[in-house]
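Chemist: Generate a structure from the sequence data that follows.
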Amino acid sequence: MTGSAVFFAAQAGIVRHLSADLHFIEISFFRAVFGIVIMLPWLMQMGLVILKTPHTKLYVWRGFLGTVAMYGWFGGLSLVPLADATAISFTFPLFIALSAVVFLKESAHLTRWLAMFVGFAGTLIVIRPGFQDVNVGVFLVIGAGICIAASAMILKVTLRTDTPDQAALYQVIYMLPFAFVATLFVWKWPTWEQWFWGFMLGALSTTAQRLYSRAFATGEVGSIAPFDFTRLPFVIAIGFVFFSELPDVWTVVGGTVIFCASIFAGRTESLRHNRKPS
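Modeler: Numbers count the residues shown, from 1 in each chain. Below you'll find the model as predicted:
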């Protein structure tokens with residue numbers, strides 16, 4: 001999950017760069033089409049038999065939800081500073097953990113919820129100064145979080161029979177038609193440089209999704225989700241180096257709280273797992 005956080009942070013940086021000249025819907029199309037390109041070597045190695053799945057309807061729904069979430073996230077990144085958008089996105093693990101308890105009947109350990117709410121408190125510390133000037137980008141990011149939580153529930157169900165790489169492939173396959181139709185209304189022919197960054201976006205996003213799927217296959221959703229908080233320090237570094245976005249004191253303090261919550265979550269879940277009988 002921490003590895004996926006690194007790649008998702010890099011993805012956010014590319015989206016922020018491309019959004020200066022391209023519509024976020026067109027950027028979303030890049031993510032879908034080049035995501036499939038990146039998965040082709042794996043598909044050729046495994047053969048078409050790997051496409052067999054009992055969850056076609058679920059994958060179609062996940063493709064739709066993933067596209068809507070992508071529009072919300074990419075659109076938010078074009079309107080909100082990287083660190084702020086990422087901090088707001090840390091409501092996502094709360095949505096996911098709550099959905100896992102309600103729909104997947106996962107247990108709600110006190111320490112797990114404590115880590116989640118401490119991490120969320122760190123998020124509120126980061127975005128507190130920005131609440132005085134909330135724009136539509138904030139609501140786009142929150143809407144993306146709701147769709148991502150629903151998509152995560154579908155992912156957990158499909159991983160009962162399918163592999164993480166199958167789930168990652170079907171994610172982009174079924175996102176592509178939804179993204180393609182919307183792109184027709186905003187298409188602007190990209191430059192060669194934009195094509196390159198579009199390819200990198202697809203590569204990084206798909207790699208992040210493969211790591212993300214593997215994380216969900218290893219344990220309960222609620223125990224994995226807190227590690228998504230580790231995206232913040234990576235995003236702060238990208239925002240500072242490439243976009244001259246200096247984090248304020250609230251971002252530093254909130255990021256520290258979020259990091260501590262992630263370490264606490266990992267430690268307590270590890271101890272809980274080790275105490276379970278073999």
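Chemist: Wait, Y174 touches L58, no?
Modeler: No: using C-beta atoms under 8 Å, Y174 is not in contact with L58, being 9.9 Å away. (C-beta placed from N, C-alpha, C; glycine too.)
Chemist: what secondary structure does Q45 sit in?
Modeler: Three-state assignment for Q45 (DSSP: H, G, I helix; E, B strand; the rest coil): helix.
Chemist: In contact with it, which residues?
Modeler: For Q45, no contacting residues are found, by C-beta atoms under 8 Å, 6 or more residues apart in numbering.
Chemist: Could you report the distance from it to T163?
Modeler: Plainly put, Q45 is 13 Å away from T163 if you go by C-beta to C-beta, to the nearest Å.
Chemist: Let me know the helix or strand that the closest residue to L79 other than its chain neighbours is in.
Modeler: Among residues not flanking L79 along the chain, G137 sits closest, at 3.0 Å (C-beta to C-beta, 6 or more residues apart in numbering). The secondary structure element spanning G137 is helix 136-158 (assigned by DSSP states H and E).
Chemist: could you say what helices and strands that helix packs with?
Modeler: Contacts defined by 3 or more C-beta pairs under 8 Å, 6 or more residues apart in numbering; DSSP states H and E place helix 136-158 against helix 56-77, helix 82-89, helix 92-103, helix 164-183, helix 192-218, helix 221-224.
Chemist: pLDDT of the longest one, averaged?
Modeler: The one in question is helix 192-218. The average pLDDT within helix 192-218 is 88.
Chemist: Report the buried residues of it.
Modeler: For helix 192-218, the buried set under the neighbour-count rule, 16 or more other C-beta atoms under 10 Å, comprises 194, 197-198, 200-217.
Chemist: got it, and the third one?
Modeler: The neighbour-count check on helix 92-103 (16+ other C-beta under 10 Å) flags F92, P93, L94, F95, I96, A97, L98, S99, A100, V101 as buried.
Chemist: Those residues: which two are farthest apart?
Modeler: F92 and V101 (15.3 Å; C-beta to C-beta).
Chemist: Without its sequence neighbours, what residue ends up closest to T207?
Modeler: The shortest distance from T207 to any residue other than its chain neighbours is 5.2 Å, reached at F7 (C-beta to C-beta, 6+ apart).
Chemist: Next up, the contacts around that neighbour.
Modeler: Contacts of F7 (C-beta under 8 Å, 6+ apart): L204, S205, T207, A208, L211.
Chemist: Of those residues, which is the nearest to G76?
Modeler: S205 (15.6 Å).
Chemist: Tell me how far that closest one lies from L58.
Modeler: Going from S205 to L58 by C-beta to C-beta gives 21 Å.
Chemist: what about F227, how many residues close to it?
Modeler: Look at F227: counted by other C-beta atoms under 10 Å, it has 21 neighbours.
Chemist: what's the answer for P41, then?
Modeler: So P41, with other C-beta under 10 Å, has 9 neighbours.
Chemist: Against L169, how distant is it?
Modeler: P41 is 11 Å from L169, by C-beta to C-beta.
Chemist: Distance check, W195 against L201.
Modeler: 11 Å.
Chemist: Same question for V118.
Modeler: Relative to L201, V118 is positioned 32 Å away (C-beta to C-beta).
Chemist: pretty sure W61 is touching I154, no?
Modeler: Yes: contact between W61 and I154 holds when scored by C-beta under 8 Å: they sit 6.2 Å apart.
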